[in-house]
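Q: Prediction below, plus the sequence it came from.
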Amino acid sequence: MSIDVSFLGATSAAGATGSSGKASNELDKQAFLDLLVAQMRNQDPSSPMDSSQLMQQTTQLSVMESLQELTSTQREAFALQMRMNAAQLVGQQVTWTDADGATQTGVVSAVSYAGSVPTVKVGDQDVTLDAVASVTTAPTL
């Protein structure tokens, strides 16, 4: 079943354009609330919406908000975990495949958190954490 949300306008419906300006097929929290208000405003006074339906819809909104918060928290936790893992690589020997497809090995001397994925400094090369294929204890000199 298709729902016409054209009456919500471009600012309310994420289906029109989101805050990033990209088109989306998902409704955001505000669009959900606007739909609920429009449904209540346009209901037949002689047969109003069942209160259990209203509770179900508000519960769905609450669940959606909780899931969005959980998703955000998990993203933050994953980013922190990547940073911690990258920091633990300092002094360790890592192996990775470079842009030419050759396997490289070296000892990590520093970590950078400048990008979305941490990079480790091996010699004069910056290697993204997701490119590291293996980690071993650095040989003692």
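A: Thanks, I have the structure now.

Q: Distance-wise, check the closest residue to Gln60 other than its chain neighbours relative to Leu80.
A: Leaving aside its sequence neighbours, Gln60 sits nearest to Phe32 (C-beta to C-beta, 6 or more residues apart in numbering; 7.9 Å). In this view, the C-beta of every residue, glycine as well, is placed from N, C-alpha and C. Between Phe32 and Leu80 the computed distance is 30 Å (C-beta to C-beta, to the nearest Å).

Q: Tell me which stretches of the chain form strands.
A: 92-97, 103-112, 119-122, 125-128, 132-137 (DSSP state E).

Q: As a markdown table, the ones you listed with mean pLDDT, mean neighbour count and distance to Arg41 would be great.
A: Rendered in a markdown table, the data for these read as follows (pLDDT from 0 to 100; neighbours: other C-beta atoms under 10 Å; distance: least, C-beta to C-beta, whole Å):
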| stretch | mean pLDDT | mean neighbour count | distance to Arg41 |
| --- | --- | --- | --- |
| strand 92-97 | 94 | 17 | 59 |
| strand 103-112 | 94 | 15 | 54 |
| strand 119-122 | 94 | 20 | 53 |
| strand 125-128 | 92 | 16 | 52 |
| strand 132-137 | 92 | 12 | 56 |
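
Q: So for Met40, which of those sits nearest?
A: Of all those, the one in closest proximity to Met40, counting by C-beta to C-beta, is strand 125-128 (50.5 Å).

Q: List the strands paired with that closest one, with their directions.
A: strand 119-122 (antiparallel) (DSSP bridges).

Q: what does the partner strand contact?
A: Strand 119-122 has contacts (C-beta atoms under 8 Å, 6 or more residues apart in numbering) with 86, 89-90, 94, 96, 104, 106-112, 126-129, 132.

Q: mind redoing it with 7 Å?
A: If you take C-beta atoms under 7 Å, 6 or more residues apart in numbering as the criterion, strand 119-122 is touched by 86, 89, 94, 106-112, 126-129.

Q: Go through the strands of the chain and name the closest to Pro45.
A: Set against Pro45 and scored by C-beta to C-beta, those come closest in strand 125-128, at 61.3 Å.
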